[in-house]
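# prediction below, plus the sequence it came from.
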Amino acid sequence: MTVDLLKSAEEKFAPLSEAERRILTAIDGKCAVCRNNDNDSDPINDPRNGAKWDSSRTIRSDVLEWLCKQGGSFGKSSSSGVWVYGAKIAGVLNLSYAVIPYPLILERCAFMDDISLKNAKVPSLILTGSCTRTILADGIDVANNVLLNNGFYSKGQALFRGAKIGGAMRTEDATFEYQAGGMFGEDSKNSLGCDRATVNGSMFLSKPAHGSTFKGEVGLAGAFIGSNLECDGSTFENPGGIAIRADRIKVVGGVFLRNGFSAKGAVRFLNAQMDVLDCSGSTFEGDCEAAFMAEAATISGYAVFAGTTARRGAIQLRAVTAGDVSFRGAELMSVDLRYATVRRALRLKRVQFLDSQRSELNLRNASTDSIDDDKDSWPGVGNLFLHGCPVKSLTESTGCRNRLSRTRSRVSEVPVKWAFSRIELG
């Protein structure tokens, strides 16, 4: 099989480089190693320096395309895969609509041009540690995992819109940097675009102590994630714009934006569905109007902003439905909970509103079973809006009583214009 494959390739693509010979003769799942030495920390082996790699490490995109599409006809096993380590891929790699019967594994490779995997079908896609330009993988069907992690670097766009991924998608310890130009993706300005994608497992945009960096909008609108969306410790940068657009996303598990998560630009989860939203220890720097938006989202468990810092915009949870909502120890510009339904407790302890003149807490027409608060965690009376708020135990809230007392009215004499309903007066 190997002899026939090599002979056919020589007839079609002669002369072959050393790297091309290695990939064509790799059998039984062996990796075609193309690096100069065994030291990955050597700068010469850094894929970002791939333009300097010599011809012995170069695999032409035409050769790689031919191997992916025709290798099976020469008896190449579906279990062996196309497995390359440390090669330079020269030319646009066009595998659009291709049915690739074996895993595509290109580790620590340097792609000189764009990649198209639009509507391709492949068992696994692994680009761990590689350096790419734009990847157009809209509609790709991956039976198992997509790995763009452990030093992966994209300068352009990585587009997986409408993709179907049977396992997990992992991008931890990676960098995605939007850059205009290239052959594909001119209709988008995403650093990572996964709108309408289906991921049956988890989507890991980070893992503990291994956050990623995204420079440019991350698109997750309309996506389905069968387990968790994990972004702990990652950085999302699109100043003045939208950092994460996840409107209408459905996450079967939790959304985790914790432990050093940072966003410059608004983060949007409008009309989203999830089990848990945890933003503990995160930092949001919005677009001046909104820092975090989850309007009309349905959160079956808790929403936590403990220790969160939100500048340059409000936390907007208008019409959200959640079990518990907690802002303990948070530093906030404003919070908008109009028409929200909090089935159990709204927690406001050790909250600091950052602007004494403009910071607001808006609970108009919101409902919650109880409020767990302290007197210093409420904004001034002029910035506290409670019209139509049917809070069962509002009058038992120490902080709210404190603010209301400054109007020189007893709680039982709340001004009619606030129109409380179902308040249990002592």
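Sure, I can see it. Residues are numbered from 1 along each chain as shown.
# okay, buried residues for the lengthiest helix in the chain please.
Across the chain, the longest stretch assigned as helix under DSSP state H is helix 2-13. For helix 2-13, the buried set under the neighbour-count rule, 16 or more other C-beta atoms under 10 Å, comprises 5-6, 9. Glycine gets a C-beta too; all of them are placed from N, C-alpha and C.
# can you get me a residue count around Arg108?
As a burial measure, Arg108 scores 24 neighbours (other C-beta atoms under 10 Å).
# that should have said Asp38, apologies.
Neighbours around Asp38, by other C-beta under 10 Å: 8.
# same deal with Leu125?
Leu125 has 26 nearby residues by other C-beta under 10 Å.
# please apply the same query to the one 10 residues further on.
Here the count is done by other C-beta under 10 Å, and Ile135 has 28 residues near it.
# follow-up on the earlier one: after the longest helix of the chain, next one along is what?
helix 18-25 (DSSP states H and E).
# can you point out the buried residues in that following helix?
Applying 16+ other C-beta under 10 Å to helix 18-25 flags 19-24 as buried.
# how about stretch 169-179?
Buried residues in stretch 169-179 (16+ other C-beta under 10 Å): 169-178.
# tell me where the stretch 201-350 of the chain has helices.
Counting by DSSP state H, counting those that start in this stretch, one finds no helices in the stretch 201-350 of the chain.
# what ranges of the stretch 251-400 of the chain fall below the confidence cut-off?
390-400 (pLDDT under 70).
# go again using 90 as the cut-off
287-289, 356-358, 370, 375-376, 378-400 (pLDDT under 90).
# re earlier: closest one of the buried residues of stretch 169-179 to Gly329?
For the buried residues of stretch 169-179, the closest approach to Gly329 (C-beta to C-beta) belongs to Glu172, at 27.0 Å.
# verify the contact between that closest one and Met203 for me.
No. At 10.5 Å, Glu172 does not count as touching Met203 under the criterion of C-beta atoms under 8 Å.
# dead centre of this structure: give me the residue that sits there.
Closest to where the C-alpha atoms of the chain average out (C-alpha atoms, centre = their mean) is Leu205, at 5.2 Å.
# now render the buried residues of helix 18-25 as CSV, adding distance to Asp336 and pLDDT.
Shown next, in CSV, are the buried residues of helix 18-25 (distance: C-beta to C-beta, whole Å; pLDDT from 0 to 100):
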residue, distance to Asp336, pLDDT
Ala19, 57, 94
Glu20, 59, 93
Arg21, 63, 92
Arg22, 59, 91
Ile23, 56, 91
Leu24, 60, 88
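# out of the residues you listed, which is nearest to Val146?
Ile23 (21.2 Å).
# so what's the residue lying closest to the closest one once chain neighbours are set aside up against?
Closest residue to Ile23 apart from its sequence neighbours, by C-beta to C-beta, 6 or more residues apart in numbering: Ala32 at 4.1 Å. Contact analysis of Ala32 by C-beta atoms under 8 Å, 6 or more residues apart in numbering lists 19, 22-23, 25-26, 83-85, 87.
# again, only this time at 10 Å
Listed by C-beta atoms under 10 Å, 6 or more residues apart in numbering, the contact set of Ala32 reads 18-26, 59, 82-87, 105.
# kindly report the same for Leu205.
148-149, 169-172, 174, 176, 192, 194, 211-212, 214, 218, 220, 229-234, 236, 244, 256-257, 261.
# mind checking which of those residues are buried?
Of these, these count as buried by 16+ other C-beta under 10 Å: 148-149, 169-172, 174, 176, 192, 194, 211-212, 214, 218, 220, 229-234, 236, 244, 256-257, 261.
# and Leu95, how far is that from Phe160?
14 Å (C-beta to C-beta, to the nearest Å).
# you'd agree Thr134 is up against Gly182?
Yes. Counting by C-beta atoms under 10 Å, Thr134 sits close enough to Gly182 to count as a contact (4.2 Å).
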